[in-house]
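Undergrad: With the sequence up front, the predicted model follows.
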Amino acid sequence: MSAPTGAVRVLSPTGMLGAGFTQSTVDRGIALGADVISVDAGSTDSGPHYLGSGTAKTTAAAVARDLRILLRAAAQARIPLIVGSCGTSGTDSGVAWVAEIVEDILSEEQLDLSVATILSEQPADFVKTRLREGAVHPLAPTGPLDEATVDSCTHVVGMMGHEPVEEALRAGADVVLAGRATDTAVAAAFPLLQGMPAGPTWHAAKIVECGGQCTTNPRTGGVLATIDHTGFTVEPLDPDAACTPISVAAHMLYETVNPFRMREPAGWLDVTDATYTALDDRRVRVEGSRFIEADQHTVKLEGARITGYETMSFTAIRDEHILAHIDEWTDLFVKVFTDRVAQTLGLDDTDYSFDLRRYGHDAVLQGLDPATRPPREIGVMLLVRAATQQLATAVAKVANPLMLHLPTPDMAYLPSLAFATSPAETERGPVYEFVLHHVVDTRTPTEMFRTTHRKAPSHD
Amino acid sequence: MTEQSTPQPTLGDLALEVRSKNAGPFWVTMELFMRDETGYALAAELVTEDVVAALYEVRADDVQLFRIPSLNVVKISFPRPVAQGGLRDRDVHAGQHHVPLASVPAVRPS
C-alpha cells in the first residue's frame, strides 16, 4: 500500500454495492490515481425486515458482479477495498454472506488479497450490562430502553465508526468487509489512516457515500474525492456527468435530519462554514469543513424484533357505482369483516390487526392527500397481522368472499370484483419493527467489534 | 365534481424538485428545491413549523425547519408518525410524502 503524503483519493463506485456501475468508470478512477475504493453495502432505508431476518436486500449475483470488478481493480492497482454494512443490515450473517462471495471471486480470479472481516452484531447480554451501567442513551424521538426490549430483538448491531476499519487496514488487510458501519466511516477510514484532517475527510466521505448522487446525473456511476490538508475536490467518474457547487452542497441534505451537523461515533461533522467552489465545469472544491471531537465516543445501536406474521390479499374495483361510494363500501367492509371474524374464528380486535388500503384512491397518503378526484379504478389491499401465520391467513380467508362480492349498502345485487391473483392470499411471513434508536458510551472505539484476518483461499 | 376556477400555483409549481425520504428509521425529511430567489423567499415565508404540523398531522414542536438561502432550499424534518415497515406504514421509504408540501398554494395570505 503506497503512502501518499499530500492527498488521498477515494473512489466511490456506487451508493449501494449491487446497484451496478460500469467498468469504465472504475477504470477511470484508477487512472486518476485512486488510493482506496470504498463502497457501502447497506441501509435501514428499506425497512426492518433485513436486520430482523438477517438477510440481504440485494441479490448475490448483483453483489458478486460489482465485487468482481472492484476486487480486480483493487488487486491490479494494489489499493485497499473497503465494504461497509455488508449484507444490507451488517449482521454477522450479512458479513459471512459477502465474505463467501469475495472468497469465491478471489479464488476464481486467482487474486492474492488478504481479507479482514469485522463483525458488529451485539449480544443482548452486552447491551443489558451497559444499560445497567447507565451507558445507553436514547436518541430523539425514542425513549429510555428496557431489558425486555433488548431481549425481544432477533438481531442487534452496533454502527462502527472508522476506527475498526482503520485498525484492520493497519494490520495489513487488502480487503475490509465490515458489519454495520456509518456510511461515512467506510470512506473516511483510509484518508484518516493516512493523516488527512478530520474535517475535510468526514465531509468528503458524506458527499461520496451515495456514489454519483452528488452529480448532475446520478445514474452514471461513481465519483472520486481527493482529500488534502485544506479541503477536498470531488469529480464524477463518468465523463458526461458533472459536479456543481449546488449538486455537491445539496447532497448534505440527502437522508439527513440536520444538513449542517452530523454525528459520528468520534464526534460531529460541522459544515456550517463550508464553501463550495467550481474549479471547472465538472469539479468542485470544498473547504471550511470542521470536525469536532466528542468528549465521549458513542456507538449507535440498531435492533429489530418480530411483531407478528402477515397475510396479504389484493382485489380491484372498476365498477363506477362502487367507486363513487368508496367510503361507504369501505365502512361496510370493515364492519362485516370484523363481525364475521368474531363469529367464525371467535377473535376480537386484540387477537389480530389489519390495514385496508385503497390504492388509486388514498392508499399512500390517506387523510393527508390533497387530491379529491374520484378515481377510475382502485386496488384494494388487505393486510392482516396476527401472532401466527396460520391465524393471519385464516383471518384473511374470512375476508375473501367480501373482497369478491361485497356491494355498497344501496346496491340490490352482488358485484364480482377483480382479484389480482389465485390464490388471493399471499403469506408474508414474519414481519419486524425497529425498536432500538440508542447509543452506547464506549470505553474504546473498537471494543464492540470483532475482526478476523485471513488470506485468500487459493493461497492457504 | 365541483367546477374550479383557474388553479392557484403551488410551491411545487415554483420548485425544481420537491422530495421526501427517510432520514434513518425514525425520521422523515423533505426538501423544496426552489427555482430562484423569489420562489425561495416565498417558500421560506409560507412554510413554517405550524404549516408543516397541519399538513402532516404532527406536533409543531417536533418539526425541524432549515432555510438555506445559498441553495434556495427549505428543508423539513420530523419524527416518522408511523413506524417504518409496520402494518400501517404505506410508504416504507417515505418517498411520496412530499406531495402535500408541494401542494401548498404559492400565494401570500392577504
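TA: All right, it came through fine.

Undergrad: Most proximal residue of chain B with respect to chain A?
TA: B:Gly85 (3.2 Å; C-beta to the nearest C-beta). Bear in mind the C-beta positions are built from the backbone N, C-alpha and C, glycine included.

Undergrad: Please enumerate the strands of chain B.
TA: B:15-22, B:27-34, B:64-68, B:73-79 (DSSP state E).

Undergrad: between the ones you listed, which gets nearest to A:Ser93?
TA: For A:Ser93, the closest of the strands of chain B is strand B:15-22, at 23.6 Å, according to C-beta to C-beta.

Undergrad: Could I get the average pLDDT for that closest one?
TA: In this model, strand B:15-22 has an average pLDDT of 96.

Undergrad: ok, that strand: who's next to it in the sheet?
TA: Using DSSP bridges, strand B:15-22 pairs in its sheet with strand B:27-34 (antiparallel).

Undergrad: and the residue in chain A that chain B sits nearest to, how far is that from A:Thr154?
TA: Closest residue of chain A to chain B, C-beta to the nearest C-beta: A:Gly47 (3.2 Å). Counting by C-beta to C-beta, to the nearest Å, the separation of A:Gly47 from A:Thr154 is 14 Å.

Undergrad: try B:Pro105
TA: From B:Pro105 over to A:Thr154 (counting by C-beta to C-beta), the distance is 47 Å.

Undergrad: Looking at these two, which one has more neighbours?
TA: A:Thr154 (16 against 13; other C-beta atoms under 10 Å in any protein chain shown).

Undergrad: Show the backbone phi and psi for the more buried one.
TA: Backbone torsions of A:Thr154, given as degrees, to the nearest 10, read phi -80, psi -30.

Undergrad: Model confidence for it, exactly?
TA: Listed pLDDT for A:Thr154 reads 98.

Undergrad: Show the contacting residues for it.
TA: With contacts defined as C-beta atoms under 8 Å, 6 or more residues apart in numbering or on different chains, A:Thr154 is in contact with A:52-54, A:304-306, A:432.

Undergrad: B:Pro25 now?
TA: Neighbours of B:Pro25 in contact, by C-beta under 8 Å, 6+ apart: A:44, A:47-48, A:302, A:434, A:437, B:80, B:84.

Undergrad: try A:Gly303
TA: A:51, A:149-150, A:153, A:155-157, A:434-436.

Undergrad: Isn't A:Pro48 up against A:His437?
TA: No - look at A:Pro48 against A:His437 with C-beta atoms under 8 Å: they stay out of range, at 11.7 Å.

Undergrad: Quick check: chain neighbours aside, which residue is closest to A:Asp355?
TA: Distance criterion C-beta to C-beta, 6 or more residues apart in numbering or on different chains; nearest residue to A:Asp355, sequence neighbours excluded, is A:Leu383 at 4.7 Å.

Undergrad: Contact partners for the one you found?
TA: Per C-beta under 8 Å, 6+ apart, neighbours of A:Leu383: A:310-312, A:354-357, B:87.

Undergrad: Can you add secondary structure and give those residues back as TSV?
TA: Putting the contacts of A:Leu383 into TSV (DSSP: H, G, I helix; E, B strand; the rest coil) gives the following:
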residue	secondary structure
A:Glu310	strand
A:Thr311	strand
A:Met312	strand
A:Phe354	strand
A:Asp355	strand
A:Leu356	strand
A:Arg357	strand
B:Leu87	coil
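
Undergrad: Sort out which of the residues you listed are buried, if you could.
TA: A:310-312, A:354-357, B:87 (16 or more other C-beta atoms under 10 Å in any protein chain shown).

Undergrad: per-residue pLDDT, the closest residue to B:Leu42 other than its chain neighbours?
TA: Nearest-residue entry for B:Leu42: B:Ala106, 5.8 Å, with adjacent residues in sequence omitted and distances by C-beta to C-beta, 6+ apart. B:Ala106 is assigned a predicted lDDT (pLDDT) of 95.

Undergrad: So which bits of chain B are right by chain A?
TA: B:1, B:21-27, B:29, B:31, B:33, B:55-57, B:62, B:64, B:66, B:68, B:70-71, B:73, B:75, B:77, B:79, B:83-93, B:96-97, B:99-100, B:103 (C-beta under 8 Å from any C-beta of the partner chain).

Undergrad: can you do 7 Å?
TA: Taking C-beta under 7 Å from any C-beta of the partner chain as the criterion, chain B approaches chain A at residues B:21-27, B:29, B:31, B:55-57, B:62, B:64, B:66, B:71, B:73, B:75, B:77, B:79, B:83-88, B:90-93, B:96, B:99-100, B:103.

Undergrad: For ChimeraX, write the selection for the buried entries among those residues.
TA: Typed into ChimeraX, the line below selects the buried ones among the residues of chain B next to chain A, using 16+ other C-beta under 10 Å:
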select /B:21,22,23,24,25,26,27,29,31,55,56,62,64,66,71,73,75,77,79,83,84,85,86,87,90,91,93,99,100,103
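
Undergrad: before we move on, the earlier item: just the ones of the contacts of A:Gly303 in helices?
TA: Members of the contacts of A:Gly303 lying in helices (criterion: DSSP state H): A:51, A:149-150.

Undergrad: Pick out whichever of those sits closest to A:Val136.
TA: Of these, the one sitting nearest to A:Val136 (C-beta to C-beta) turns out to be A:Val150, at 9.0 Å.

Undergrad: My guess is the closest one contacts A:Phe126. True?
TA: No - look at A:Val150 against A:Phe126 with C-beta atoms under 7 Å: they stay out of range, at 9.5 Å.

Undergrad: These two: who's more crowded?
TA: A:Val150 (25 against 15).

Undergrad: Which residues are in contact with that one?
TA: A:124, A:127-128, A:131 (C-beta atoms under 7 Å, 6 or more residues apart in numbering or on different chains).

Undergrad: overlap between those residues and the residues near chain B?
TA: Among the contacts of A:Val150, proximity to chain B is found for none (C-beta under 7 Å from any C-beta).

Undergrad: Filter these down to the buried ones and express that as a PyMOL selection.
TA: Selection of the buried residues among the contacts of A:Val150 in PyMOL, burial being defined by 16+ other C-beta under 10 Å:
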select buried, chain A and resi 127+128+131
